[in-house]
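J.: Have a look; sequence and predicted model below, questions after that.
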Amino acid sequence: MNFLVETKRFLLCSVAVYLLFKFFFLFGLFSEYIQQIIILSFIVILTSLGLNVIYGYTGQFSLGHAGFYGIGAYTAAYLGALFKVEGVWAFLPILLSGGLAAGLLGYLVGVPILRLKDDFLAIATLGFGILIRVLLDNSDQLSEFLGGSRGVIGIPKIVNLEIAFWAAVFLILITRNLIFSRYGLFWQCIKDDELAATTFGIDTAGMKLTAFTYGCFLAGMGGALYAYLYSFLHPSNFDFLKSIDFLIIVIVGGMGSITGTIYAGLLWVAVIEGLRLALPASLLELRWVFIPILLILVMMWRPYGLLSRSESRFLGLGN
Amino acid sequence: MDLLSYILEQTINGLQLGAVYALIALGYTMVYGVLRLINFAHGDIFMFGAFTAYYLLSKWNLPIALVFPLTMAATAFLGFLIEKLAYKPLRTAPKISLLITSVGVSLFLEYFLSLEPLFTPNYIGFPRPFAVIRYNLPLFTVTNIQLLILLVTAVSLFWLYLLIYHTKYGRAMRALSHDQEAASLMGVPVDGIISLTFIVGAALAGLGGILYAFAYPQINVFMGIMPGIKSFIAAVLGGIGIIHGAVLGGLIIGLSEVFVSAFLSSTLRDGVIFFILFLVLILKPRGLFGKRIDKV
């Protein structure tokens, strides 16, 4: 329980942020839409954190992260409908099932494809992401409820500020502890030099698989939260471009930085969803012209991201 | 219609699609050869080719004999520009940075060109400059567009073969893909050859864009994503960096796509292509023609 002392700043910050948002939500200072995107930002942070474990800490490039996000969302939606889940407490096992399904799939897929490196791994994970999309598009042949390319409708809206926020805080703490455990050190060692890691006696294949499975588990949790926040799922929400979103968050925030992912995730949702309120529709399209330029500039000047391998003292997630 | 002629007709359709994939795959494989980069923007160069041809044909009413060279020149220039502006500053950066940059370039091209005064985000009907004629042969029918695509592809492949295996530029390209440092010590102008590779690859992608738009006359700024990815799979299937591998891979991917649509279900065709990719990466990661046995 020593970590609770080490991360006391982070815990205090979360309580303060939670109370602040709760205050705003209670007094109706935010419209329904803003409330929704604030909750969404925690989901996005959680999912991006999964990719940061896979890519930022372990160095395994993945372009199919949205596929696992989608598997979590669809699994949770299906199981929730099967057991007719409505309350918050009954939702928690459903949430976990979304994460576990994505983690299990990540494990099964990871066994063959994590033998590949760099760009071949990128193309394999990209292909896997598109396979998931094809599967979701044809999902009505498995179950009428999943709706195939029409999407899933009628998921109860259960996720509120409390669930999303505390799930994110809890999983960020777990991830932080994993990163500072021996596993986290193994992961970072593999990222720095896989050959050297092997000579130290690290089971590189096993450790890569652990990181990949855990990262996919986080994506699945994020997906399950997403399903019960928006109560509508469509295969196009989980396609290749969504994987790119998470990748941009991880890269801009910084590879190997939880703090960076948190800030970049908040910024991302503010830019993508928040600017919808501030800008007219004609200017809104320009977001996607500037985001790639930003990505290219970050690659040129800070190829490992803005906050790579450092945790801000303010959030107190460091060691 | 009996089964045999149906199969033959689908084979022609598959070869038509596969020929376009082969033209795009060549650019991927050549760029991968010299830079070890999966150029994600390559599919968008293909899209740019289709749009340039559209503007030349429908807005400027140029004859088709001029449309081909002008479009290829435009895409070649775009390829050259992308390499100089985005990839050259990252020559010494980690491989993944280059890959992410190419994803950024791809997104930029798609969203920048989809702005209103440029190509717009809508689907646009592509005007064919000539009528479609069907030739009824004893066993199957073939259209003039299919013949044109196969002929143009064959001619450009022959031309590329001459360039790569019978000129000093081609020899320099092969030297670069073998060992960049040693090649530069032998006096190969590395930057110039890399530019040339991008120019040739982008010109072929532009040609592929025109032919694709002839065959499937609807264009859109996002039309390059899937053909781009599939052509890359074709390049991996044939053995990345190997010219004839890319051609054979393109034909295999085109044929399997058409046959899966014809005999199974058109929603499954992408799934089958990516299943092929998995099998190749796991069983034979160097591709069909890849010889080296070092790990990828």
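T.: It's in. Residues are numbered from 1 along each chain as shown, chains lettered A, B, ... in the order given.
J.: And the next helix or strand past the longest helix along chain B?
T.: Ordering each helix of chain B by length in residues (DSSP state H) puts helix B:3-35 first. Beyond helix B:3-35 on the C-terminal side, the first helix or strand identified by DSSP states H and E is helix B:42-54.
J.: and the spatially most central residue of chain A, what element?
T.: Most central in chain A under Cα atoms, centre = their mean is residue A:47, positioned 0.6 Å from the mean C-alpha point. Following DSSP H and E, one finds residue A:47 within helix A:32-51.
J.: Any buried residues in that helix, and which?
T.: Residues of helix A:32-51 classed as buried by neighbour count (16 or more other Cβ atoms under 10 Å in any protein chain shown): A:35-51. Placement of C-beta: from N, CA and C, glycine included.
J.: Let me see the contact set for residue B:252.
T.: Taking Cβ atoms under 8 Å, 6 or more residues apart in numbering or on different chains, we find residue B:252 in contact with B:18, B:234, B:237-238, B:276.
J.: can you rerun that using 10 Å?
T.: B:14, B:18, B:21-22, B:233-234, B:237-238, B:273, B:276, B:288 (Cβ atoms under 10 Å, 6 or more residues apart in numbering or on different chains).
J.: Repeat that for residue B:258.
T.: Contacts for residue B:258 (Cβ under 10 Å, 6+ apart) come out as B:9-18, B:266, B:269.
J.: Return a selection command, for use in PyMOL, containing the buried ones of those.
T.: PyMOL command restricting these to the buried ones, with burial defined by 16+ other Cβ under 10 Å:
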select buried, chain B and resi 9+10+12+13+14+15+16+17+18+269
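J.: Of the contacts of residue B:258, which is the nearest to chain A?
T.: residue B:269 (8.8 Å; Cβ to the nearest Cβ).
J.: In the chain, where is pLDDT below threshold?
T.: You didn't say which chain, so I picked chain A. Scanning chain A for pLDDT under 70 picks out the ranges A:1, A:309, A:312-319.
J.: Actually, chain B is the one I wanted.
T.: For chain B, the ranges with pLDDT under 70 are B:1, B:291-296.
J.: Residue A:227: what's it in contact with?
T.: A:43, A:70, A:72-78, A:80, A:94-95, A:98, A:152, A:155-159, A:233, A:237.
J.: Among those, which ones lie close to chain B?
T.: When contact is defined as Cβ under 10 Å from any Cβ of the partner chain, the contacts of residue A:227 do not meet chain B at all.
J.: Narrow these to those that are buried.
T.: A:43, A:70, A:72-78, A:80, A:94-95, A:98, A:152, A:155-156, A:158-159, A:233, A:237.
J.: re earlier: tell me which other helices or strands the helix holding residue A:47 touches.
T.: If contacts are counted by 3 or more Cβ pairs under 10 Å, 6 or more residues apart in numbering or on different chains; DSSP states H and E, helix A:32-51 sits against helix A:8-26, helix A:65-82, helix A:88-113, helix A:161-179, helix A:204-230, helix A:240-253, helix A:258-269, helix A:275-278.
J.: between it and helix A:65-82, how many degrees?
T.: Calculated by axes from the mean of the first three to the mean of the last three Cα atoms, to 10 degrees, helix A:32-51 forms an angle of 120 degrees with helix A:65-82.
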